[in-house]
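> based on what follows, work out the 3D shape:
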Amino acid sequence: MEPADPDQFKILTFAVVILLPALPVAWKAAGWRGDTFKKWSDRVDIAHAGLNERASAELVALQDDISDMLAGGLPGEVSADPDPIVLRANRCAVLLRARDRLRGRFEKYRRLTYLLVPAVVSYFVGWLAGTLYFTEVMHKSWVKLTSFVVGGLAIVTTLCIYVLYAYFESKLTKAEEMAAGKR
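Model prediction:
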């Protein structure tokens, strides 16, 4: 029996080290869709209702402010500072914009969950191709190219998914805070 080649052992060790970061990502991908829906579905409904309620209250207050400003006579005869009214109208617009974007952002956030599983599978395919090539099980140059292209695209895709995940999570949280009156 021949002793194992030390280079092969180094390559296999490196292959295992490269595989390790994919394991928690694969675990996350397996339950991400259900976790996302469970975590955010009711919260989005509550935030939507809260934003709608706050916008309605701002509109009523805006109407009252305009009525108070015009109570002195005809609009051409009244000289009042319009800044408080403009600020209230802008707050109302911000609330309505957040409300209108909330459900669409939640849907995009949920769609990200469908992309993570194929990205992880692609990473495993790239990892397997690279391991087969560099351990000299397969000597084809297309295997090496496949490992770099598929693995690299999977890594870039996964990073993009997590960046978008953080973006949508922050936007949903911000809308939730606005609905609660904390912003």
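> what pLDDT is listed against K140?
In the predicted model, K140 carries a pLDDT score of 84.
> and it, how close does it get to F9?
Relative to F9, K140 is positioned 23 Å away (C-beta to C-beta, to the nearest Å). Where C-beta positions appear, they are placed from N, C-alpha and C, glycine not excepted.
> try A61
Distance from A61 to F9, by C-beta to C-beta: 73 Å.
> the two: which has the busier surroundings?
A61 (14 against 11; other C-beta atoms under 10 Å).
> tell me the centre residue of the chain?
Y165 (2.2 Å; C-alpha atoms, centre = their mean).
> remind me what the helix ranked longest in the chain packs against, helices and strands.
In the chain, assigned by DSSP state H, the helix with the most residues is helix 83-134. Packing partners of helix 83-134 (3 or more C-beta pairs under 8 Å, 6 or more residues apart in numbering; DSSP states H and E): helix 6-19, helix 22-70, helix 141-180.
> what's the offset of that helix from the middle of its chain?
3 Å (C-alpha atoms, centre = their mean, to the nearest Å).
> swap in stretch 52-63?
The answer for stretch 52-63 is 30 Å, by C-alpha atoms, centre = their mean.
> just stretch 28-39 next, same as before
Distance, centroid of stretch 28-39 to centroid of chain: 13 Å (C-alpha atoms, centre = their mean).
> may I see the buried residues of it?
By 16 or more other C-beta atoms under 10 Å, the buried positions in stretch 28-39 come out as 29, 32-33, 36.
> can I get the helices and strands packed on helix 83-134 in CSV with distance to G104?
Formatted as CSV, the helices and strands packed on helix 83-134 follow (distance: least, C-beta to C-beta, whole Å):
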stretch, distance to G104
helix 6-19, 37
helix 22-70, 11
helix 141-180, 10
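> which stretch in the ones you listed is the model least sure about?
Note on the helices and strands packed on helix 83-134: lowest mean pLDDT is at helix 6-19, with a mean of 76.
> helices or strands up against it?
Contacting helix 6-19 under the criterion 3+ C-beta pairs under 8 Å, 6+ apart are the following elements: helix 83-134.
> so the helix it packs on versus helix 22-70, what angle?
Using axes from the mean of the first three to the mean of the last three C-alpha atoms, to 10 degrees, the direction of helix 83-134 lies 170 degrees away from that of helix 22-70.
> pLDDT of helix 83-134, averaged?
Helix 83-134 comes out at a mean pLDDT of 90.
> what angle sits between that helix and helix 141-180?
160 degrees.
> and E58, what is it in contact with?
88, 91-92, 95 (C-beta atoms under 8 Å, 6 or more residues apart in numbering).
> of these, buried ones?
For the contacts of E58, buried by 16+ other C-beta under 10 Å: 88, 91-92, 95.
> let me see the contact set for F124.
Contacts of F124 by C-beta under 8 Å, 6+ apart are 22, 26.
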